[in-house]
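> task: produce atomic coordinates for the following.
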Amino acid sequence: MKISTKGRYALRMMVDIAQQGRECPVALREIAQRQGISVKYLEQIAAVLTRAGYLKSVRGAQGGYILTREPKEYTAGEILRLTEGNLAPVECLEAEKNLCPRAEHCTTLRLWEELNQAVRQVVDGRTLEDLADEKRM
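Below is the predicted model:
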C-alpha cells in the first residue's frame, strides 16, 4: 500500500487547519505557504473535503476553511479513506466479507488480515488533535 500525494496532502491540510483555524477560517494560500503545496492542488483537495462535510468554506476577505467538527473527532483513517479509498493491502479484504473463492485455502490470507488490522489500528487510532499536538512538540 502506498498513500498518494492527495492523501498525504489532505491529512497535512486538515492538521494545519486544526492547528491554525480554531477560531477563524484559514486561507488556502497560508496553508500552501506553510506546507509547501500548490494552492491549485489544495483547492482540489479542499473541494473533496468540503463535499464530504469535513470542512466548511467561509467566503470574504477574512475567508478560508474551518473544520466542521472538533479535531479530536476526525481520525487519520477517515481522511485517508476519503481521499485514497479502501486502505486494505489486498483486494480480497476490501469488502466487508471476503468473497475470494480461495479464502479457505489461502496460505497468505492471515498475513494480509494481520497487516490490514495493523494499518487500521494505526490510522484509526490517531486523531487530528493527536497529529496537531505532535507537530507542536
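> helix/strand/coil for the residue positioned nearest the centre of the chain?
With distances taken as C-alpha atoms, centre = their mean, the residue of the chain nearest its centroid is Ile79 (2.4 Å). The local conformation at Ile79, judged by DSSP: H, G, I helix; E, B strand; the rest coil, is helix.
> my read: it touches Leu11, true?
Yes. Ile79 lies in contact with Leu11 (C-beta atoms under 8 Å); the separation is 5.4 Å. For the C-beta atoms, the positions are set from N, CA and C on the backbone; glycine is no exception.
> can you give me the end-to-end distance of stretch 30-40?
Stretch 30-40 has an end-to-end distance of 13 Å (criterion: C-alpha to C-alpha, to the nearest Å).
> what average pLDDT does that stretch get?
For stretch 30-40, the mean pLDDT works out to 96.
> which stretches in the protein count as strands?
55-58, 64-67 (DSSP state E).
> buried ones in the first one, by neighbour count?
Think strand 55-58. In terms of neighbour count (16 or more other C-beta atoms under 10 Å), strand 55-58 has its buried residues at Leu55.
> chain center to that strand, what's the gap?
Strand 55-58 has its C-alpha centroid displaced from the chain centroid by 17 Å (C-alpha atoms, centre = their mean, to the nearest Å).
> that one pairs with which strands, parallel or anti?
Strand pairing for strand 55-58, using DSSP bridges, gives strand 64-67 (antiparallel).
> kind regards, and thank you for your time.
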